[in-house]
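J.: Next comes the sequence, and after it the predicted model I'd like to discuss.
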Amino acid sequence: YIYREQRLIHEADWLGMFQKEPHSTLLRVEFSFDHNLDDAFHLDIKKSQIILNDELWMWLRDQFLTAPRREANRRYRQGQNKDISNKAKNAHDASNNSIRNKEAELGGAEVNVSDPDTGEVTVKNEHGTFKMKLKVGSAVKPGEVFVQPTNDVEDGLLFEPALIEQHKAVRINTQHPYYHKVYAPNLSRSVTVQGMDSLLWALCYEVTRILRKLVESLPEPDTGEDPDVA
């Protein structure tokens, strides 16, 4: 916002330095001057536009605005993360119910906790028995033992396998860009979320065999075509 003699002459704009984007919506900059700088800023006759010299323009873009833009971006993402985390709280309930109903049928490896403090578990399957480390935890709310939305997945990964109350589970990172751009727009679409959750859960264990069973109960898509027409 550019003011001359305390009068707004140029509304929200980055003077060609940056494009308008959501990440910078929390940043406001006031650029004020009086008539003594009219010539320096090449003020037009209508007193509605200024032209900055190259040195000042580059200093504003590359030095002065760097820190404020970074902080605005941080605050925007912080607020966005909180909003998405709140929306995610109940979005995966259908997935948990679906997997629960198929758990016995899905079978797979037997996983038992050896040391809950270190996350060491014993896995027994058709290839033998071996040890590995998993995230071992408990449900945040009743029934959330297969798919758990969270903001603390290690190393910032999209998802990680886990053992939640003795159930094989997947923890999905709600702060990951994929969750923001792919999951978040579809959190109100139960079938879409179930499909993505099933894929990530299956990727943690036996992919193709389990995925086939998990989607059996999902409705067939309406393609608008006559099913009897080949």
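T.: That came through fine. Residues are numbered from 1 along each chain as shown.
J.: burial of the nearest residue to His35 once chain neighbours are set aside, as a residue count?
T.: Leaving aside its sequence neighbours, His35 sits nearest to Glu5 (Cβ to Cβ, 6 or more residues apart in numbering; 6.2 Å). For every residue, glycine as well, the C-beta is placed using N, CA and C. Close neighbours of Glu5, defined as other Cβ atoms under 10 Å, add up to 11.
J.: How much space separates Glu5 from His42?
T.: 17 Å (Cβ to Cβ, to the nearest Å).
J.: just Pro149 next, same as before
T.: Distance from Pro149 to His42, by Cβ to Cβ: 54 Å.
J.: So between those two, which is more surrounded?
T.: Shown here are Pro149 and His42; by other Cβ under 10 Å, Pro149 has more neighbours (23 against 11).
J.: Just list whatever residues bridge to the more buried one.
T.: Ile172 (DSSP bridges).
J.: residues contacting Pro68?
T.: Leu27, Val29 (Cβ atoms under 8 Å, 6 or more residues apart in numbering).
J.: host element of it?
T.: According to DSSP states H and E, Pro68 maps onto helix 66-88.
J.: Just give me how far that helix sits from the chain centre.
T.: Relative to the chain's own centre, helix 66-88 is displaced by 11 Å; criterion: Cα atoms, centre = their mean, to the nearest Å.
J.: per-residue pLDDT, the nearest residue to His92 once chain neighbours are set aside?
T.: Closest residue to His92 apart from its sequence neighbours, by Cβ to Cβ, 6+ apart: Val147 at 4.5 Å. Per-residue confidence (pLDDT) for Val147: 96.
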